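Engineer: Generate a structure from the sequence data that follows.
(chains A and B)
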Amino acid sequence: AQKVTQAQTEISVVEKEDVTLDCVYETRDTTYYLFWYKQPPSGELVFLIRRNSFDEQNEISGRYSWNFQKSTSSFNFTITASQVVDSAVYFCALNDLYGGATNKLIFGTGTLLAVQP
Amino acid sequence: EAGVAQSPRYKIIEKRQSVAFWCNPISGHATLYWYQQILGQGPKLLIQFQNNGVVDDSQLPKDRFSAERLKGVDSTLKIQPAKLEDSAVYLCASSLQGAVYGYTFGSGTRLTVV
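Structural biologist: The predicted structure follows:
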């Protein structure tokens, strides 16, 4: 069955520290997409990145970077030099294409990141 | 480009009452999703529409929840009667073509059932 696991429930760091959020997924599909979303206290889900299963290149966007490893079914997210504004809940999600009929997202339980000044 | 619009932003009702949420997706997005996010959990899909047809409603508690998407644009999600465990944020999302083009989420409706 398709599943996303975010084992870290809460992480607390001090500003300027680097932090890595872990994501492990399970899927029977050979073609799939992985996502990261940020959910600040205001509640909206903010899209951060989408990666398809054929592209294992790591990606860097400013202070954000993502490490995708199919061998370990992981898609980890690192924030470098964290800032207070990074405080939020972060969700990893998997696009479920199994059966071909749907394109729904399956979310992990989220990691609450608290960045202390 | 306007985002996904949802209303109301907040709603408090008593158990056994009914409530309705409205969603207006991004123009041209054929696929519309309703997710339920209970506090401390990730969003869970309730129902998915492709244009005005239902693609997946396997997780929708059909004895109390209903949804429609008339004319393949706006959508309404209704709960009748509400239970305490329905307290959650209800998120609407739309997509041009699923994961290939990504998903856009609305700000959600926070429902509290007392």
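Engineer: I'd like to know how far the residue nearest to A:D18 when sequence neighbours are not counted sits from chain B.
Structural biologist: Nearest non-adjacent residue to A:D18, counting by CB to CB, 6 or more residues apart in numbering or on different chains: A:T80, 5.1 Å away. Backbone N, C-alpha and C define where each C-beta goes, glycine included. According to CB to the nearest CB, to the nearest Å, A:T80 and chain B sit 24 Å apart.
Engineer: ok, how many other residues are close to A:T80?
Structural biologist: As a burial measure, A:T80 scores 14 neighbours (other CB atoms under 10 Å in any protein chain shown).
Engineer: Return the residues in contact with it.
Structural biologist: Residues in contact with A:T80 (CB atoms under 8 Å, 6 or more residues apart in numbering or on different chains) are A:18, A:63-65.
Engineer: for stretch B:31-43, which positions count as buried?
Structural biologist: By 16 or more other CB atoms under 10 Å in any protein chain shown, the buried positions in stretch B:31-43 come out as B:31-37, B:42-43.
Engineer: which residues of the chain fall in strands?
Structural biologist: With no chain named, the answer covers chain A. A:3-5, A:10-14, A:19-21, A:24-26, A:33-39, A:46-52, A:59-61, A:64-69, A:74-79, A:88-96, A:104-107, A:111-116 (DSSP state E).
Engineer: The chain in question should be chain B.
Structural biologist: If DSSP E is used as the criterion, the strands of chain B fall at B:5-7, B:10-13, B:19-24, B:31-37, B:44-50, B:53-56, B:65-68, B:75-79, B:88-95, B:103-105, B:109-113.
Engineer: what about the third one, distance to the chain center?
Structural biologist: Okay, so that is strand B:19-24. On the basis of CA atoms, centre = their mean, to the nearest Å, strand B:19-24 sits 7 Å off its chain's mean C-alpha point.
Engineer: Could you list the residues in contact with it?
Structural biologist: Residues outside strand B:19-24 that contact it (CB under 8 Å, 6+ apart): B:4-8, B:11, B:13, B:32, B:34, B:73-80, B:82, B:90, B:92, B:106, B:109, B:111.
Engineer: same thing with the fourth one?
Structural biologist: When contacts are defined by CB under 8 Å, 6+ apart, strand B:31-37 is touched by residues A:103-105, B:23, B:25, B:43-50, B:55, B:67, B:69, B:75, B:77, B:88-98, B:103, B:108.
Engineer: These, buried ones only, as a ChimeraX selection?
Structural biologist: Those of the contacts of strand B:31-37 that count as buried under 16+ other CB under 10 Å are selected in ChimeraX with:
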select /A:103,104,105 /B:23,25,43,45,46,47,48,49,50,55,67,69,75,77,88,89,90,91,92,93,94,95,98,103,108
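Engineer: Now render the strands of chain B as TSV, adding mean pLDDT.
Structural biologist: Output for the strands of chain B, formatted as TSV (pLDDT from 0 to 100):
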stretch	mean pLDDT
strand B:5-7	96
strand B:10-13	97
strand B:19-24	97
strand B:31-37	95
strand B:44-50	93
strand B:53-56	90
strand B:65-68	97
strand B:75-79	98
strand B:88-95	95
strand B:103-105	91
strand B:109-113	97
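Engineer: Okay, and the beta partners of A:T111?
Structural biologist: A:T111 forms beta bridges with A:Y90, as assigned by DSSP bridges.
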